[in-house]
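Enquirer: Got a sequence here, can you model it:
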Amino acid sequence: MQRLKGHVAQSALNIIVLIKHVPDAQFDRRLAEDSHRMDRSESILSELDEYALEAALALSEQHGGKNSENTVTAVTVGPPAAVAAVKKALQIGATAGVHLSDEALAGSDAAATSAAIAVLIQHLGTQTPVDLVLTGMASTDGETSLVPAQLAARLGLAQLTQVSALSLSEDGATLMARRDGDTETLELQASLPAVVSVTDQINEPRYPNFKGILAAKKKKVTTLTLADLGLDPALVGASGSWTEVLDAAPRPARAAGTIVSDTGDAGIQLVDFLAAQKLL
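Expert: Residues are numbered from 1 along each chain as shown. Here you go, the predicted structure:
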């Protein structure tokens, strides 16, 4: 697939941040009636996406911010209610928002979702070349972590995943990143344009302040459909997905716990219990 941009010759930095409207983790997850799809009636901006947004804003500010005409565009795919995630991103500091919403997208798995996002980013790149696509480490609903790598492959771009530190060279052409593993730390580099997923260790996301909330009301949110992108509905949704949920059932109720009464042998009882659970 053709690269979105061959080099970074212009001074302005154009960053896209992928965000998602996900069920609020404070509430129990449940499936929609007569469906194997998650009930999204009580949803918020995914917490893990806020780290990607903060990384984008920090890179923009470090390289001139608004004075250099840098842009940070929050992009989401989802039903009409998902625009709330975009509006939250605008309040935090994103420059503009894009919402891809189409009934045919319902039921898309990671593969179908990445296909739609790839076409969307290519569409946006025809207007202003895209330098960098940032994502969180995973969505807090699906938790597959598949979309960033799939997206990079579809776009033919370099990918850096699970990044815990990120910076940009002075000439704005090279990303320097760090990935922290269990036993080693890797120092990574990639030329722009690229796709990068960041962990929740990379920064501390900022909160929207009163000024940001007021400013967000003047920022533009563009809503697009599959027709606007020229994307065949058969390539997304259930028909375009590589996986299918065949069955689902509610989580079993939690069993009653074991109460240990101390009659002089509580320690022995605890050891026996832990041994029976194979925890010793």
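
Enquirer: Can you verify Gly267 is assigned to a strand?
Expert: No: under DSSP: H, G, I helix; E, B strand; the rest coil, Gly267 falls outside any strand and is assigned helix.

Enquirer: so how far is Asp24 from it?
Expert: Taken as CB to CB, to the nearest Å, the spacing of Gly267 relative to Asp24 amounts to 41 Å. The C-beta positions use only the backbone N, C-alpha and C, and glycine is treated the same way.

Enquirer: higher neighbour count, those two?
Expert: For Gly267 against Asp24, the residue with the higher neighbour count under other CB atoms under 10 Å is Asp24, and the figures read 13 against 10.

Enquirer: mind listing the strands for the stretch 51-200 of the chain?
Expert: Counting by DSSP state E, counting those that start in this stretch, the segments of the stretch 51-200 of the chain that form strands are 71-77, 96-100, 132-136, 158-163, 165-168, 174-180, 185-191, 194-198.

Enquirer: For His21, give me phi and psi.
Expert: His21 has phi and psi values of phi -90, psi 110 when expressed as degrees, to the nearest 10.

Enquirer: residue ranges with poor pLDDT in this protein?
Expert: Flagging of the chain using pLDDT under 70 yields the residue ranges 1-10.

Enquirer: go with 90
Expert: Under the criterion pLDDT under 90, the flagged ranges of the chain are 1-12, 23-44, 66, 127-128, 139-143, 170-173, 181-182, 244-270, 272-273, 276-280.

Enquirer: Spatially, what comes nearest to Phe273 if we skip its sequence neighbours?
Expert: With CB to CB, 6 or more residues apart in numbering as the criterion, Phe273 has its nearest non-adjacent residue at 6.1 Å, and that residue is Thr258.
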